[in-house]
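> here's my sequence, what's the structure:
(one chain, ligands or ions: 3)
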Amino acid sequence: MKTLTVALPGREYEIIIQRGVLDRAGEACRKVLPRAETLFVVTDSHVEPLYRARLEASLTAAGFRTAVCTVPAGEEAKCAGQLARLWEAMMDARLTRTDAVVALGGGVVGDLAGFAAATILRGVDFVQIPTTLLSQVDSSVGGKVAIDLQRGKNLAGAFWQPKLVLMDPDTLDTLSDAIFADGMAEVVKYGCIFDKDFFAFLAKRPTRSLLMEEIESILYTCCNLKRIVVEEDERDTGKRMLLNFGHTLGHAYELAGNYEKWTHGQAVAAGMVKAAELGSTLGVTPAGTAERIAGVLTALGLPTAIPCTPEEYAAAVGLDKKGAGADISLILLEQIGRAVPHKMPKTALLEELR
Ligand SMILES: NC(=O)c1ccc[n+]([C@@H]2O[C@H](COP(=O)([O-])OP(=O)(O)OC[C@H]3O[C@@H](n4cnc5c(N)ncnc54)[C@H](O)[C@@H]3O)[C@@H](O)[C@H]2O)c1
Ligand SMILES: O=C(O)C(=O)C[C@@H](O)[C@H](O)[C@H](O)COP(=O)(O)O
Ligand SMILES: [Zn+2]
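Residues are numbered from 1 along each chain as shown. Ligands and ions are numbered 1, 2, ... in the order given. Next up, the predicted model:
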């Protein structure tokens, strides 16, 4: 077992990485939710048949009453319609402010359920039980919760930290190779922005089976890097923006593909390569960096370029949360392992992308 503590004043929480922890979720939740009677579990249509029964058995054994709401699997569920559906179902379940929400699933379920928890009754506690690699290394930690709007990704949301994050590496066994690869895009991102040795370690492990041999240490490394950033800049006004490497362009690809054609992980993979190319053009990133990143991503089965028109880039760049007026902070690499914000006019970025 490996544990980490995210030490935010008054909102401290533990991340527990342990095989089989899904079956011990009840006792772990009881420790952080001593007064809760009802736990409102949000999951999706793929995860529900795999893990709902085990989770409910553990929660019930710890004395909780459970209510479960299942959303359709996929990014389309991160929308206002499903959020409203959760709010109504929470009230049907008579949730009160001492109760809590449990997110069982990938990043979509975590972001959606977390936003529902942040807003229902003006905010109730929530627990993250991430079941994809992406959600274990990234989305379950740090409290960014959101839904997508027609105009773009994560445009309505909140910072709402969980009370507990429980990650069971065994749940990764049921992922398809493509969804495992999605998570690797964010894993590679950590190497690119913060840790060149971690990048080199990943470059030597180009297959899922090699990576799974080291999975607990990979989960720990990623969550620890994210913990450090979130503790320093919870509200995304400075260092946390570095976690957005590959995302300005990645969000453009997701939007251009109507959230159906490309997953978040695929879009971030291509977005990182494009950002490294741009960085070289702008004289920030050493030549050859994009090729090194692309080599690692290709071996993992991820795309390294996604077609996007100038209008599609403009739609996403205009609404990027790292924008301030006419400028945007694009995240670039000074070298592999060191990211920097690069402030430039949005018009100049769009001109480069042409
Ligand atoms: N909040 C954050 O900080 C943050 C960080 C990164 C990404 N995100 C968001 O996370 C989302 C992407 O998350 P994701 O990649 O987990 O996608 P996802 O939640 O859509 O899950 C991918 C697929 O895997 C299935 N699945 C989940 N767990 C499974 C399991 N154990 N076995 C088999 N199938 C399983 C799901 O049903 C879904 O079909 C995006 O919306 C992205 O914007 C948020
Ligand atoms: O936690 C963060 O901060 C991140 O930027 C992590 C990203 O991987 C994640 O995709 C996040 O949801 C992007 O946030 P946004 O602010 O660009 O919507
Ligand atoms: Zn991301």
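> for residue 339, helix, strand, or coil?
Following DSSP: H, G, I helix; E, B strand; the rest coil, we place residue 339 in the strand state.
> just give the closest residue to it, not the sequence neighbours.
Taking CB to CB, 6 or more residues apart in numbering as the measure, residue 339 lies nearest to residue 193, with 3.8 Å between them; neighbours along the chain are not counted. To be clear about C-beta, it is placed using only N, CA and C from the backbone, and glycine gets the same treatment.
> now do residue 302
Taking CB to CB, 6+ apart as the measure, residue 302 lies nearest to residue 269, with 3.8 Å between them; neighbours along the chain are not counted.
> and that neighbour, how far is that from ligand 1?
Distance of residue 269 to ligand 1, given as CB to the nearest ligand atom, to the nearest Å: 12 Å.
> swap in residue 233?
Distance check for residue 233 against ligand 1: by CB to the nearest ligand atom, it reads 13 Å.
> burial of that residue, as a residue count?
Number of residues near residue 233 (other CB atoms under 10 Å) recorded here: 15.
> offset the numbering so it begins at 888, please.
Got it, first residue is 888 now, which makes that one residue 1120.
> okay, strands next: where are they in the stretch 1138-1241 of the chain?
Under the criterion DSSP state E, counting those that start in this stretch, the stretch 1138-1241 of the chain contains strands at 1210-1211, 1214-1222, 1225-1232.
> how far off centre is the first one?
What it means is strand 1210-1211. On the basis of CA atoms, centre = their mean, to the nearest Å, strand 1210-1211 is displaced by 22 Å from the centre of the chain it belongs to.
> picking up where we left off before, so which of the strands of the stretch 1138-1241 of the chain is nearest ligand 1?
Nearest of those to ligand 1, taken as CB to the nearest ligand atom: strand 1214-1222 at 14.5 Å.
> who touches the closest one?
The contact list for strand 1214-1222 (CB atoms under 8 Å, 6 or more residues apart in numbering) reads 1079-1080, 1083, 1128-1129, 1131-1135, 1162-1163, 1165-1166, 1169, 1171-1173, 1176, 1204, 1207, 1209-1210, 1226-1233, 1236.
> for the stretch 938-1087 of the chain, what lies in contact range of ligand 1?
Taking CB under 6 Å from any ligand atom as the criterion, the stretch 938-1087 of the chain approaches ligand 1 at residues 960-962, 965, 992-996, 998, 1018-1019, 1021-1022, 1025-1026, 1029, 1031, 1040-1041, 1058, 1061-1062, 1066, 1069.
> which ones among those residues lie within helices?
With helices defined by DSSP state H, the entries of those inside them are 994, 995, 996, 998, 1021, 1066, 1069.
> that older thread, just name the most buried of the strands of the stretch 1138-1241 of the chain.
Between the strands of the stretch 1138-1241 of the chain, the one whose residues have the most neighbours on average, counting mean count of other CB atoms under 10 Å, is strand 1214-1222 (a mean of 21).
> does it come close to ligand 2?
No: shown here: strand 1214-1222 not in contact with ligand 2 (CB under 6 Å from any ligand atom), separated by at least 9.4 Å.
> partner strands of that strand, with direction?
Strands flanking strand 1214-1222 in the sheet, each with its direction: strand 1210-1211 (antiparallel), strand 1225-1232 (antiparallel) (DSSP bridges).
> the helices in the stretch 1038-1187 of the chain, which residues?
Here the stretch 1038-1187 of the chain has its helices, by DSSP state H, counting those that start in this stretch, at 1064-1081, 1083-1090, 1095-1100, 1102-1119, 1134-1143, 1151-1168, 1176-1186.
> dump those helices into CSV; add mean neighbour count as well.
Below are the helices of the stretch 1038-1187 of the chain laid out as CSV (neighbours: other CB atoms under 10 Å):
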stretch, mean neighbour count
helix 1064-1081, 23
helix 1083-1090, 17
helix 1095-1100, 14
helix 1102-1119, 19
helix 1134-1143, 25
helix 1151-1168, 25
helix 1176-1186, 19
